[in-house]
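1. I'll drop the sequence and a predicted model, then ask my questions.
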Amino acid sequence: MSSTPAQPSNDPLDGPLAEADLDALVDEWGDWAAVADLLDVPRTRVGTLLAEHRLAGAVPRPGAGQQVPLAFVQDGEIVKGLPGLLTVLHDGGYDDRECIAWLFTDLGLPGRPIDALRENRGSEVKRRAQAMAL
């Protein structure tokens, strides 16, 4: 009985990305108060948006507390397409930390998925997220 060598995973969140240094990937972070100010909502609403997966948050470095990438907010609103994308990723079993790492890693779209969303080029990002969630 011969054993077949394990095939490498095609999942971009396997391996180093799941353990990514989020503080190095994300340019700017904001606590709940800062994000609430940008969105012009009460601070408690940010917690609801996180719970509903309309935003994603993580602790970028020890002692920092939960924060949200400020790139998730554009012109006073959540970036178009982000909530749906986060839902797809969460439904595929990814947590907020993994979602943030994926969004801020250059996947050759060109560029990072968050940049594509901010530039209204979200179709390919969503297609890739759906493929990952299968």
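-> Received it, and whenever you're ready, just let me know what you need. All values derive from a computational prediction rather than experimental measurement. Numbering: from 1, shown residues only.
2. got a list of what the residue most central in space within the chain touches?
-> Among the residues of the chain, the one closest to the centroid is Ile100, at 2.8 Å (Cα atoms, centre = their mean). With contacts defined as Cβ atoms under 8 Å, 6 or more residues apart in numbering, Ile100 is in contact with 22, 25-26, 56, 58, 69. Just so you know, the C-beta spots here come from the backbone N, C-alpha and C atoms, and that holds for glycine as well.
3. likewise Ala56?
-> Applying Cβ under 8 Å, 6+ apart, we find Ala56 in contact with 50, 68-69, 72, 86, 96, 99-100, 103.
4. how does it look with 6 Å?
-> By Cβ atoms under 6 Å, 6 or more residues apart in numbering, the contact set of Ala56 is 86, 96, 99-100.
5. Which members of those are positioned in helices?
-> When DSSP state H defines the helices, the subset of the contacts of Ala56 inside them is 86, 96, 99-100.
6. Could you list the low-pLDDT ranges of the chain?
-> Scanning the chain with the threshold set as pLDDT under 70 gives 1-18, 133-134.
7. hmm, back to that, measure the residue nearest to the centre of the chain to Leu86 for me?
-> Using Cβ to Cβ, to the nearest Å, one obtains 10 Å as the distance from Ile100 to Leu86.
8. who wins for most neighbours among the ones in helices among the contacts of Ala56?
-> Taking other Cβ atoms under 10 Å as the neighbour criterion, Ile100 ranks highest of those with 28 neighbours.
9. about what we covered before: if we take the contacts of Ala56, which one ends up nearest to Trp32?
-> The shortest gap between Trp32 and any of the contacts of Ala56 belongs to Asp96, at 13.7 Å (Cβ to Cβ).
10. Great, nothing more from me.
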